[in-house]
Every structure is written in C-alpha cells, then in structure tokens.
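In: Task: produce atomic coordinates for the following.
(one chain, ligands or ions: 2)
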Amino acid sequence: MNRNNTLAVTKASQLLVTQLGKRLFTTPTFTGSTNSGPFNISQGTTLGTARLLTIHSQKYNTHAPSGSDKKDDTETKAVSSYWGVAPPSHTKADGSAWKWNCFRPWEAYEADTTIDVKKHHNPVTWNDKIAFGIVQALKYPTSLYFKRKHIHHAVLLETVAAVPGMVGGMLLHTKSLRRFEQSGGWIKALLEEAENERMHLMTFIDVYNPKWHERALVFAVQGVFFNAYFLAYLASPKLAHRITGYLEEEAVNSYTEFLNDLEKGVMEDIPAPAIAIDYWCLPQNSTLKDVVRVIRADEAHHRDLNHYASDIQCQGHELKEYPAPIGYH
Ligand SMILES: [Fe+2]
Ligand SMILES: [Fe+2]
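Out: Numbers count the residues shown, from 1 in each chain. Ligands and ions are numbered 1, 2, ... in the order given. This is a model prediction of the structure:
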C-alpha cells in the first residue's frame, strides 16, 4: 500500500470513529419535561427521541417560513402537517395541553399495584431449570456490579428488559406471515410489553443520565443479548419465555429493594418525573417511590405474561390457541 492509500485509509477510519462515537455515546438534549431532581443532569433528555429530532431537523427545516425561505415552504408544510391535515392537539383531563409525542393520552393507564409481587414459578422441568439457572447466573454479576445504585441498575436493566418482547413479537409476526395464520393477539401483547419497558427507561433517564462507560456497556450487552435471545426464541420459544419470566421475577425483586431503600430513607425520594405522572396517571404530587411502585407492578404483569406463554407451549399447545392478555394498559 503506497503512502497516499495509507493516508486515505487513516482519514476514513478517523471519520468513521468520529461519526460512530457521536452517534453512540453523545447525549443530545431537548427540553421535553419540566422535571428536575437531584439526579437530573440533562432535563428531559431521551437519547432515542433526541436522535430522532436531530434527524428530523436535519431532514426538514422546521423554522417558520419568511420571504427568503420560500424554497423551504414545502418542507415546512411536511413538518407542520400530515399531508395537509393539521395534527390533532390533545389535552389532559384538566384542560392543559398534552406535551408528549412519544405516547398519547389514550396510552396512559393506571397500573394494577394490587398484583402479587412475591409470586415465583417453581422450576420443575428441565426447561424451567435451564431458564432459572441462566437468570441466576446473570443476576449475581449484575448485583455485584450495581450493589445499591438502584437508579443506575434500573436504567441498565430496562435497556435489556425491552428486548425480549420486541424479539418475540417480531418472530411471531414473521411466523404469522409465513404460515398465513392469526397470532391470537400475542404479537400485540409482546410488542406492548417492549413498549412498556421502553417507557420505564424513558422515565428513568429523566432522573439519571448514564455515563459514557454505562452507555458503552449497554451497547455491548445489547449486541450480545439481542442475538442470544433471538437464537433462543428461534430454537425454543417456551425456554425463551421462561427465561423472560424469571428475568421479570428478578426485576420485581430489584424494584422491591429500590422501594425499600426509598421507604427507609436510605435514598432520597424526589418528585416524580412529569412523563411518569402522565404515563401512569399519577397524582401531581407523586414521588419516585410511587413511580417505582407502578413500574414494579408492570414487571409483575410481564412476569405472569411470560410464564403463561411458556406454560401454554410446555403443555404442547401453540400460543395462538389461547388469547393473549392484551389491553393491560
Ligand atoms: Fe421494566
Ligand atoms: Fe418487565
């Protein structure tokens, strides 16, 4: 390779590293929330949403048209309306404007906090024991790493927890297409679970902004976990659902520890993020404690849903034969 080629390769590598670094580990900020607590580093920042906004603003010019901006007129219309139809504006029950685009008023719900948070599926069969063993093997290094840093733990946990529903939903979706058959609502149930988990993450990043090394860890864990779970679901959906059932049991346990520390005053309680108040229809004076309580209830629901999905298949049936528990929200 001559000197010119070497220089070109070096320049290209530098450009790639710079662009990848920016995309993966930067924290774009926009103000979408009014919350500010002691853990709040960047107000209302959601990496995914902010990245979308960045792309959006690159693609379209969102500023108001002026005389010299006539050529941007078409692009501006594309942003401010949907094929000429003005986007509907939503209001809350008190008449104030709805400020979230990531979810709408009809997606808000009241979590069932009466759900049993101590339920445990006893591992009896080989399928159960393998799933339980995998989750226990994952649990100990995680507990050692985070100890009692509950918010850090929750942020990283939610980035993993939002994967199984999406992978399972996607594979059931493609199966439904391949076999020309209904899914019994299970695609929707699993995608609802994935979305709900992602909203947990969107809530926690309102109170804690992960450090660069935590973002790097999430990147690596996602690469491994997504592919491992994808293969596990292809090979044995009943094993994959059982693994998720046990992962959810551990999520319930870690939120119980989180809640205990908040109740004992080991951790300072702070006002609930605005996004959480609107998503779970919480009272305005709610605190982090209330948020953890509703998230724990969600995790208990995911636990039951996944153990149920595994039970159906362990008994030799297909998921589509039993109606999926949708509409929980
Ligand atoms: Fe979650
Ligand atoms: Fe969950």
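In: And the nearest residue to Ala189 once chain neighbours are set aside, which helix or strand is it part of?
Out: Nearest residue to Ala189, sequence neighbours excluded (C-beta to C-beta, 6 or more residues apart in numbering): Ala324, at 3.8 Å. Where C-beta positions appear, they are placed from N, C-alpha and C, glycine not excepted. For Ala324, there is no host helix or strand (DSSP states H and E).
In: Now do the helices in the protein.
Out: Using DSSP state H, the helices of the chain run over 3-25, 47-59, 73-80, 126-146, 150-179, 186-204, 212-235, 237-264, 274-279, 288-314.
In: For the protein, what lies in contact range of ligand 2?
Out: Taking C-beta under 5 Å from the ion, the part of the chain that reaches ligand 2 is made up of 161, 248, 299, 302.
In: Looks like the second one contacts His302 (just checking).
Out: It refers to Glu248. Yes - when contacts are counted by C-beta atoms under 8 Å, Glu248 is listed as touching His302 (4.5 Å).
In: what do those two both touch?
Out: In terms of C-beta atoms under 8 Å, 6 or more residues apart in numbering, Glu248 and His302 are both contacted by the residues Ala161.
In: Tell me the predicted confidence for the spatially most central residue of the chain.
Out: Nearest residue to the geometric centre of the chain (C-alpha atoms, centre = their mean): Arg198, 1.5 Å. pLDDT recorded at Arg198 is 97.
In: Check Thr31 too.
Out: Looking at Thr31, the pLDDT reads 37.
In: And the helices of the chain: which comes nearest Trp98?
Out: For Trp98, the closest of these is helix 274-279, at 7.8 Å, according to C-beta to C-beta.
In: phi, psi of the residue nearest to Lys92 when sequence neighbours are not counted?
Out: Leaving aside its sequence neighbours, Lys92 sits nearest to Trp98 (C-beta to C-beta, 6+ apart; 5.9 Å). With angles defined as degrees, to the nearest 10, Trp98 sits at phi -80, psi 120.
In: you'd agree Trp98 is up against Trp106?
Out: No - assessed by C-beta under 8 Å, Trp98 is found out of contact with Trp106, at 10.4 Å.
In: Name the nearest residue to the closest residue to ligand 1 within the chain, sequence neighbours excluded.
Out: Residue of the chain nearest ligand 1, by C-beta to the ion: His200 (3.7 Å). Spatial nearest neighbour of His200, excluding adjacent residues (C-beta to C-beta, 6+ apart): Glu158 at 4.6 Å.
In: From Glu299, how far off is that neighbour?
Out: As judged by C-beta to C-beta, to the nearest Å, Glu158 and Glu299 stand 10 Å apart.
In: Comparing the two, which residue is more hemmed in?
Out: Between Glu158 and Glu299, counted using other C-beta atoms under 10 Å, Glu299 has the larger neighbour count: 28 against 22.
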